[in-house]
Each structure stands twice: as structure tokens, then as C-alpha cells.
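**Student:** One predicted model, sequence on top.
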Amino acid sequence: QKEVEQDPGPLSVPEGAIVSLNCTYSNSAFQYFMWYRQYSRKGPELLMYTYSSGNKEDGRFTAQVDKSSKYISLFIRDSQPSDSATYLCAMFKAAGNKLTFGGGTRVLVKP
Amino acid sequence: DAGVIQSPRHEVTEMGQEVTLRCKPISGHNSLFWYRQTMMRGLELLIYFNNNVPIDDSGMPEDRFSAKMPNASFSTLKIQPSEPRDSAVYFCASSGLAGAGTDTQYFGPGTRLTVL
């Protein structure tokens, strides 16, 4: 079983809809949680970073962390075709800086 | 800032040949990471360096893979001999704080390797 599980999708939504993405993890040592966006044939780029349980908002993006359930989410409001990409969750343990990635969810926002 | 630079962007080679991938991290960054991405296994960390020193190479699949970082501005990942199962996109990433668990990693554009 992988340490971080993520539904591969694809997740197809109409423009303007809310996109809901999530990851589950098995190791309670993970303390820092990140979401990366990867466009086709590009490298991943950091979207959101959170540490504590709760919500963090940045523009149209909201990241949620529930450490008790070992579950993290990313919501994209008012989705745009330019949001079409693969979204990868990633997490650190408290020490060191090795990122463990989920497999990524491919999102398609249709005009 | 030019970002992380990788070369070549695409490489097609035949089984048994040596392949060398190159990376120039962002100036001033002192941590460098090599990742491999495939459809089956996703994004996997192969090795990372802090201040040019390899810290964790537990992700290197086997002895055919080797990585070096001779100075702060250059790293190579070598596969010798290459095999078809090595076909993947190889990413290099760098970050600015050695050992800091929260630092952002900046990824290069990747090298798409195909081994025939």
C-alpha cells in the first residue's frame, strides 16, 4: 500500500464549477502538506502549503487538512479552462525535506 | 531568474547505451533533488543533495544509476547501461534551505527519456 493515495481521475467539470480534490495518507509522521500543479509536459509547481489542521485560502484555492483522519483536500472555486492540469498532493515528515507525492489527479475544465 | 535548467529536454537512445542527464539549479539554492515520473509509479525521489553532498540515495533503483554534484551549480544523473524500463520523465528540483522541511522545491522542465 502506498503511503499517499490519490484518485488518478480524470475529473471533468464545466467552467465555473468547484473542483474538489483529495488525498489520504497512512503515516501520521507527515506534518507538512502541499499541493502542486503540473501542466502537460511541464514540471510541477507549488500551489499551496499548509501545516496545521484546518483551512487555508489563497484566491480561488482552499486547502484543508484533517490530521485526525489523515485526509487533505484542495478546492478550486470558479474553475477556469486554464486550471486543467494534474494536481499532486505532497507531504513532508517533520524532519528532513523528502517530499512524498501522491500519484496525481488529472483535472479537465471544459469551457 | 532562469529557474532550474535541465538538458537535454528529450533523449532517445538504445538499450545498453549510457545516458547522462544534466541539471543547473537556481543560483543560491543549496539543495538539489532528482525525481523520476512514470504513469505507473508517479513521481519518485531518486536522490537528493545538500551543499553538494548526497544525503539520501535510497530511491536510486539500482547500481546502473549514479548521480554527482561536483559544484553548487551543476549536477548529473547517469544511467549505464540503460534499459527500456528506464523510460520516464526525469525532473531536477532545487530548494533554498538545507534540511528545512517546509521549503519550496522548484522543478525544472524535465528530460523525457526513451530507451528503445
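**Tutor:** Thanks, I have it.
**Student:** can you give me phi and psi for the nearest residue to residue A:42 once chain neighbours are set aside?
**Tutor:** If the residues on either side of it in the chain are set aside, residue A:42 comes closest to residue B:109, at 6.2 Å by Cβ to Cβ, 6 or more residues apart in numbering or on different chains. Backbone N, C-alpha and C define where each C-beta goes, glycine included. Dihedral pair for residue B:109: phi -80, psi -10, per degrees, to the nearest 10.
**Student:** Low-confidence stretches in the chain?
**Tutor:** As the question left the chain open, I've gone with chain A. When residues are selected by pLDDT under 70, those of chain A lie in A:94-97.
**Student:** Not quite, go with chain B.
**Tutor:** For chain B, the ranges with pLDDT under 70 are B:1, B:97-102.
**Student:** Now with 50, please.
**Tutor:** Counting by pLDDT under 50, chain B has low-confidence residues at B:99-101.
**Student:** Report the spatially nearest residue to the residue in chain B positioned nearest to chain A, omitting neighbours in sequence.
**Tutor:** When you check chain B against chain A by Cβ to the nearest Cβ, the closest residue turns out to be residue B:107, at 3.2 Å. In space, not counting the residues next to it along the chain, residue B:107 is nearest to residue A:43; the distance is 3.2 Å by Cβ to Cβ, 6+ apart.
**Student:** again, but for residue A:58
**Tutor:** Leaving out its chain neighbours, residue A:58 is closest to residue A:48 (Cβ to Cβ, 6+ apart), at 6.1 Å.
**Student:** secondary structure element for that neighbour?
**Tutor:** strand A:45-50 (DSSP states H and E).
**Student:** likewise residue B:37?
**Tutor:** In this structure, residue B:37 is located in strand B:31-38 according to DSSP H and E.
**Student:** ok, now residue B:75?
**Tutor:** strand B:74-79.
**Student:** could you pull out the strands for the chain?
**Tutor:** This is for chain A. A:4-6, A:11-14, A:19-25, A:30-38, A:45-50, A:54-58, A:61-66, A:71-76, A:85-93, A:100-101, A:105-110 (DSSP state E).
**Student:** could you do chain B instead?
**Tutor:** If you assign secondary structure with DSSP E, the strands in chain B sit at B:5-7, B:10-13, B:19-24, B:31-38, B:42-50, B:53-56, B:65-71, B:74-79, B:88-95, B:106-107, B:111-115.
**Student:** Most proximal residue of chain A with respect to chain B?
**Tutor:** Per Cβ to the nearest Cβ, the residue of chain A with the smallest distance to chain B is residue A:43, at 3.2 Å.
**Student:** how deep is residue B:25 tucked in, by neighbour count?
**Tutor:** Other residues lying near residue B:25 total 26 when counted by other Cβ atoms under 10 Å in any protein chain shown.
**Student:** Of all the strands of chain A, which one is nearest residue B:12?
**Tutor:** Of all the strands of chain A, it is strand A:30-38 that lies closest to residue B:12, at 22.7 Å by Cβ to Cβ.
**Student:** Kindly report the residues of chain B close to chain A.
**Tutor:** B:4, B:31, B:33, B:42-45, B:48, B:56, B:91, B:93, B:95, B:97, B:99-110, B:112 (Cβ under 8 Å from any Cβ of the partner chain).
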